[in-house]
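Peer 1: sequence unknown, structure follows:
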């Protein structure tokens with residue numbers, strides 16, 4: 001209980017931020033949840049739209065870390081085809097800027113659950129000092145994060161963000177900047193496997209591994225959410241969760257660069273895979289994206305025309 005209380009104290013800043021965001025949403029009311037659909041015909045049009053939101057390389061270089069709630073709703077075949085005629089630097093800009101809001105939104109939801117979980121730990125959830133609704137919520141959260149029984153400390157370790165820089169680097173590595181067949185056909189950005197006949201069958205499926213597929217998703221956001229849940233629950237990534245918890249305990253910022261070092265099990269390439277992630281982070285200066293945050297207010301749902 002003392003370790004949890006110590007962690008609780010160290011996350012005072014996070015609690016204050018969450019409380020401030022909640023207060024702002026209540027103050028703004030319906031305006032804070034306003035949505036707009038945007039139909040765009042090309043990747044270049046997406047960059048032009050980002051320009052109107054001041055979501056640009058120039059703004060980023062000036063130190064602006066606020067990211068608009070502009071959510072790409074589909075990747076589709078058009079991006080794969082059109083990207084062949086786009087300069088590499090532009091392709092990267094489009095990919096990173098389209099994916100970042102999705103990562104931040106998925107992490108935002110996780111942190112909301114984490115904050116509620118920490119409140120209940122302080123209330124005495126480990127000893128059952130919660131009401132019926134709280135107990136039911138904890139049980140559902142435990143099932144989602146594959147934590148058995150009332151192991152609140154393990155649940156706290158799992159319900160946490162994955163740094164934006166790491167997610168961007170893995171998305172780029174696994175999907176070829178969003179141009180892979182799996183991304184085009186199923187919004188699959190992280191090469192997650194699934195069994196049971198669902199998903200997209202690889203053209204060169206390895207028979208010795210069974211009838212595995214690449215998991216497909218209705219939206220890119222669902223792909224991000226599934227990836228984060230995989231990182232936060234799979235036994236293969238326990239080392240990442242342990243290192244992240246150590247950073248929390250020391251009061252350090254969660255570093256995508258450092259957590260990448262634990263992902264030797266994500267790919268058969270092992271240490272070489274980690275080196276590739278680090279190269280993507282270094283060349284594209286992604287470490288600063290760990291400081292990015294979502295703007296409050298309006299959201300945009302972006303639909304590519306012709307998919």
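Peer 2: Structure received. These numbers were taken from a predicted model, which means no experiment stands behind them.
Peer 1: Do a quick rundown of the strands in the stretch 201-307 of the chain.
Peer 2: With DSSP state E, counting those that start in this stretch as the criterion, the stretch 201-307 of the chain has strands at 212-214, 293-304.
Peer 1: The last one pairs with which strands, parallel or anti?
Peer 2: Listed by DSSP bridges, the sheet partners of strand 293-304 and their directions read strand 35-40 (parallel), strand 66-72 (parallel).
Peer 1: Show me what counts as buried in it.
Peer 2: By neighbour count with 16 or more other C-beta atoms under 10 Å, strand 293-304 contains the buried residues 294, 295, 299, 300, 302, 304. All C-beta spots, glycine's among them, are computed from the backbone N, C-alpha and C.
Peer 1: hmm, back to that, now the strands paired with strand 293-304 as a markdown table including distance to residue 150, mean pLDDT and mean neighbour count?
Peer 2: Formatted as a markdown table, these follow (distance: least, C-beta to C-beta, whole Å; pLDDT from 0 to 100; neighbours: other C-beta atoms under 10 Å):
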| stretch | distance to residue 150 | mean pLDDT | mean neighbour count |
| --- | --- | --- | --- |
| strand 35-40 | 39 | 95 | 12 |
| strand 66-72 | 36 | 98 | 20 |
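Peer 1: In JSON lines: those strands, plus distance to residue 249.
Peer 2: Putting those into JSON lines (distance: least, C-beta to C-beta, whole Å) gives the following:
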{"stretch": "strand 35-40", "distance to residue 249": "39"}
{"stretch": "strand 66-72", "distance to residue 249": "28"}
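Peer 1: quick one, which of these is nearest to residue 250?
Peer 2: Among these, strand 66-72 comes nearest to residue 250, with 27.0 Å by C-beta to C-beta.
Peer 1: tell me the contacts of the nearest residue to residue 69 once chain neighbours are set aside?
Peer 2: Closest residue to residue 69 apart from its sequence neighbours, by C-beta to C-beta, 6 or more residues apart in numbering: residue 299 at 3.9 Å. By C-beta atoms under 8 Å, 6 or more residues apart in numbering, residue 299 lies in contact with 33, 34, 35, 36, 69, 70, 71.
Peer 1: And residue 299, what's its pLDDT?
Peer 2: For residue 299, the pLDDT comes out at 97.
Peer 1: I'd like to know how far it sits from residue 86.
Peer 2: 26 Å (C-beta to C-beta, to the nearest Å).
Peer 1: can you tell me how far residue 228 sits from residue 73?
Peer 2: Distance from residue 228 to residue 73, by C-beta to C-beta: 19 Å.
Peer 1: what's the answer for residue 39, then?
Peer 2: From residue 39 to residue 73 the distance is 10 Å (C-beta to C-beta).
Peer 1: Do I have it right that residue 291 meets residue 64?
Peer 2: No: Residue 291 lies out of contact with residue 64 (C-beta atoms under 8 Å); the separation is 10.6 Å.
Peer 1: For residue 115, which three-state class applies?
Peer 2: helix (DSSP: H, G, I helix; E, B strand; the rest coil).
Peer 1: As CSV, the contacts of residue 299 with distance to residue 51 would be great.
Peer 2: Shown next, in CSV, are those (distance: C-beta to C-beta, whole Å):
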residue, distance to residue 51
33, 25
34, 21
35, 21
36, 16
69, 17
70, 12
71, 17
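Peer 1: quick one: which two of those residues are the most distant?
Peer 2: Top of the distance list for these (C-beta to C-beta): 33 and 70, 14.9 Å.
Peer 1: Now name the helix or strand holding the residue nearest the centre of the chain.
Peer 2: The centroid of the chain falls nearest to residue 103 when counting by C-alpha atoms, centre = their mean (3.4 Å). Secondary structure from DSSP states H and E places residue 103 in helix 88-123.
Peer 1: swap in residue 74?
Peer 2: Counting by DSSP H and E, residue 74 is found in no helix or strand.
Peer 1: what about it, how many residues close to it?
Peer 2: Neighbour count for residue 74, taken as other C-beta atoms under 10 Å: 16.
Peer 1: Ok, residue 276 next?
Peer 2: With other C-beta under 10 Å as criterion, residue 276 counts 17.
Peer 1: Apart from its neighbours in sequence, what residue is nearest it?
Peer 2: residue 173 (5.9 Å).
Peer 1: what about that neighbour, neighbour count?
Peer 2: Neighbour tally, residue 173, other C-beta under 10 Å: 19.
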